[in-house]
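Dropping the sequence and predicted coords here.
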Amino acid sequence: MATPLPTISARDTAPTACALPGTPLADAIPGIDACVHCGFCLQACPTYVTLQDENDSPRGRILLMRGLVEGTIPLDDPDVGTHIDRCLGCRACETACPSGVPYGQLLEATRATMATTRPQPFVARAILATFARPWLLSLALVGARVLRATGLPALFARWLPGRLGFANAMLAASAPVLPPVSAAATSARTASGTARARVAMLEGCVMDGLFGHTNAATARVLATNGYALTTARGQACCGALHAHAGDLEGARALARRNVAAFDASDAAYIAINAGGCGAMVKEYGHLLHDEPEWAERAARVSAKARDISELLAAAGPVRARLSLEGAAPLRITYDPPCHLMHAQRITREPMAVLGAIEGVTHVPLPDADQCCGSAGIYNLIEPDVSDAVLAPKLAAIKGTEARYVATGNPGCLMQIGAGLLQSGSAARAVHPIDLLDAAYRGDARNTTP
């Protein structure tokens, strides 16, 4: 039985009392008080749209948060836990909110506070423990790549039922999907003249482990557009999965490693090709704000973080023609990752990247601002809701008749890619940078701006 939604009344505009001093949720009270319960967030929220339950809407969850922090609802209330768990953390409500409620921070604080009395599911604990240990994560990703190379995941995706089949489809979807480039240029051209700026790449964990081809493409594309690459040694996972799951201490530990690595580099910018990772790095200043020895360095690193599309748009990306055998004219559509569109508010720049690719037809994706249901490890923890959120996304993609769905986040690439694979669609999910890189490598005409 769902927990009844607390009644909205005049008292809800008064400052919130605190029954949980010293907790992350107590620190989030100003954000809770910023919500005026207007309801603009409702239709922006994928779980509310899917489940039609106010407890599964942003304003409903904020009322539940208020009940927790005031002590009128116990921290171990199982129904409240269910509604908080169901949140994708897509932050579409932040885009819709006229009051500037920092919902993403409220969600993380709530999960962190509830974790003291309500342990995470075993699957979540196992995944977070793996991502917190570089040696273990590296071993797991090597095993995943070996399994992917056998071709078995693509077969298992069709034969195995439920989550097991979908997990194999996700792994299969992480493989390169673009055919080999057949034109003369086989490596990216480096722009002549003075470099625009020195850039260090966030290599990432899943990006480095399963999308190494996209990381390599990112380096080539940056060079072609006049950026000088430098290294930042000692990087780790960005910590986004830990923060979203409420493991703020785990997220801070990983953030410190990355702050140390990038602060020691000579880079003017940090190039990030994963929307979720970019949003996390840009919030390091907030995450470590109360640690005197790290706060200033974290803020400095956050200020350097740029999505790859931001850097390319600033350069005015080199144009090139994409010509793939048997794919003329090539139809592509773009699905913006939630943490790129809603958390970072980056919408124009990815279109500038795709606009630099000649020889393709861009087809708008209906309801592109809606989440695909990936949300980090959400699709493994809440599979039924994840599937329900993904279904309209797949239907919209089918309606575009696009051959490729461009999206700039590994979770989205695997979630959408898995759905397309299991549905029998010929369309494939691909990173925008892979498309641009293929154009550069296949078009001898590409020139510097």
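On my side now, so go ahead.

Could you tell me which residues make contact with the closest residue to Glu203 other than its chain neighbours?
Nearest residue to Glu203, sequence neighbours excluded (CB to CB, 6 or more residues apart in numbering): Gln235, at 5.6 Å. The way it works is simple: take the backbone N, C-alpha and C, and place the C-beta from them, glycine included. Contacts for Gln235 were tallied using CB atoms under 8 Å, 6 or more residues apart in numbering; they are 202-203, 257-258, 261-262.

Nearest to Gly250, out of these: which one, please.
If you rank the contacts of Gln235 by distance to Gly250 using CB to CB, Arg257 comes first, at 11.5 Å.

my guess is that closest one contacts Cys238, does it?
No - contact between Arg257 and Cys238 fails when scored by CB atoms under 8 Å: they sit 9.9 Å apart.

Looking at the two, which is more packed in?
Cys238 (29 against 16; other CB atoms under 10 Å).

The more buried one in helix, strand or coil?
Counting by DSSP: H, G, I helix; E, B strand; the rest coil, the backbone at Cys238 sits in coil.

Ala200 too?
Taking three-state DSSP, the label given to Ala200 is strand.

Relative to Thr231, how far out is the residue most central in space within the chain?
Per CA atoms, centre = their mean, the C-alpha nearest to the average position across the chain is that of Gly276, at 2.8 Å. Per CB to CB, to the nearest Å, Gly276 is found 23 Å from Thr231.

Ok, Leu435 next?
26 Å.

now swap in Ala124 and tell me
Ala124 is 32 Å from Thr231, by CB to CB.

Looking at the two, which one has more neighbours?
Per other CB under 10 Å, whichever of Ala124 and Thr231 has more neighbours is Ala124, with 20 against 13.

so the more buried one makes contact with His244?
No - counting by CB under 8 Å, Ala124 sits too far from His244 to count as a contact (10.3 Å).

need the contact list for the residue nearest to the centre of the chain.
The contact partners of Gly276, by CB under 8 Å, 6+ apart, come to 238, 240, 337, 339, 376, 409-411.

Could you find the closest non-adjacent residue to it?
Among residues not flanking Gly276 along the chain, His339 sits closest, at 4.5 Å (CB to CB, 6+ apart).

Next: Ala173.
Closest residue in space to Ala173, ignoring its immediate chain neighbours: Gly417 at 2.6 Å, by CB to CB, 6+ apart.

Am I right that that neighbour sits in a helix?
Yes - the assignment for Gly417 by three-state DSSP puts it in a helix.

what mean pLDDT does stretch 40-51 have?
The average pLDDT for stretch 40-51 rounds to 95.

Buried ones in that stretch, by neighbour count?
Across stretch 40-51, burial judged by 16 or more other CB atoms under 10 Å covers 41-42, 44-51.

How far does that stretch stretch from one end to the other?
Length of stretch 40-51, first residue to last, CA to CA, to the nearest Å: 17 Å.

One more: stretch 80-97?
Length of stretch 80-97, first residue to last, CA to CA: 23 Å.

do stretch 425-440 as well
Termini of stretch 425-440 sit 27 Å apart (CA to CA).
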